[in-house]
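Asks: Fold the stuff below for me.
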Amino acid sequence: MRTFILGSGNAHKAQEFKELFRDTLVIEAAPRTLEVDETGATFTENAFLKAKAYFETYKTPALADDSGLVVEALPEILGVQSARFAPELPDYKDKNLKLLELLAPHSERKAYFVCVLCFYSGPEEYFFFEGRVHGVIGTQRKGTDGFGYDPVFVPDRPENDGKTLAELPEWKNSHSHRAKAVQAALSFFSK
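Replies: This next block holds a predicted model:
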């Protein structure tokens, strides 16, 4: 099995990737988190910057992702800046409430999560995989599972029951933006 070091200090992501790649690729936590300037204008550019930095530092193949929430009515916020949105609010509970407040006057609530994975094995060998999950931003925080903006994001599902990702941990494991990017990577690496 191929082994990649994970280019992230996010413990939630590390656990999620270990579960998603179980029995196919070995994803190991980095000995320490690197401070990588995410200066890219796109998710792809930022994933590349992180994977390359971890590869160069630890001299081993690296996996990095860049992901975020895109809200169609508020395109100037979130996106590649999702983690840095409302920096004066250190807790995601407060960031979620701020997003709901900004979106309150808008009737259009469409949004999507995007995840771009970069597997970097050297300057001549790197691969990208993208996944998205579409939905809407709800009108209140709901659920206790997940992290980030999961409590306000209602994914498009046939059930149309208004549940957020934070209320759907099992569904999220198979259908999230990260799960879809992983599925594309698994399909590639299995060949």
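Asks: Name the spans of this structure whose pLDDT lies under the cut-off.
Replies: 11 (pLDDT under 70).
Asks: what packs against the lengthiest helix in the chain?
Replies: Taking DSSP state H as the criterion, the chain has its longest helix at helix 43-58. Applying 3 or more Cβ pairs under 8 Å, 6 or more residues apart in numbering; DSSP states H and E, one finds that helix 43-58 contacts strand 3-6, strand 62-71, strand 110-122, strand 125-137. C-beta here means a position set from N, CA and C on the backbone, and glycine is covered the same way.
Asks: which of those strands is buried the deepest?
Replies: Ranked by mean neighbour count, the helices and strands packed on helix 43-58 are led by strand 62-71 with a mean of 25 (mean count of other Cβ atoms under 10 Å).
Asks: can you pull the buried residues of the longest helix of the chain?
Replies: Neighbour counts over helix 43-58 (16 or more other Cβ atoms under 10 Å) mark 43-55, 57-58 as buried.
Asks: what's the closest of those to Gly138?
Replies: Comparing those against Gly138 with Cβ to Cβ places Phe43 closest, at 23.4 Å.
Asks: My understanding was that that closest one contacts Phe113; is that so?
Replies: No - in this structure Phe43 lies outside contact range of Phe113 using Cβ atoms under 8 Å: 10.6 Å.
Asks: residues shared between the contacts of these two?
Replies: Counting by Cβ atoms under 8 Å, 6 or more residues apart in numbering, the common neighbours of Phe43 and Phe113 are 67-68.
Asks: quick one: the one residue sitting closest to the centre of the chain from Asn160, how far?
Replies: With distances taken as Cα atoms, centre = their mean, the residue of the chain nearest its centroid is Ser67 (3.5 Å). The spacing between Ser67 and Asn160, counted by Cβ to Cβ, to the nearest Å, is 25 Å.
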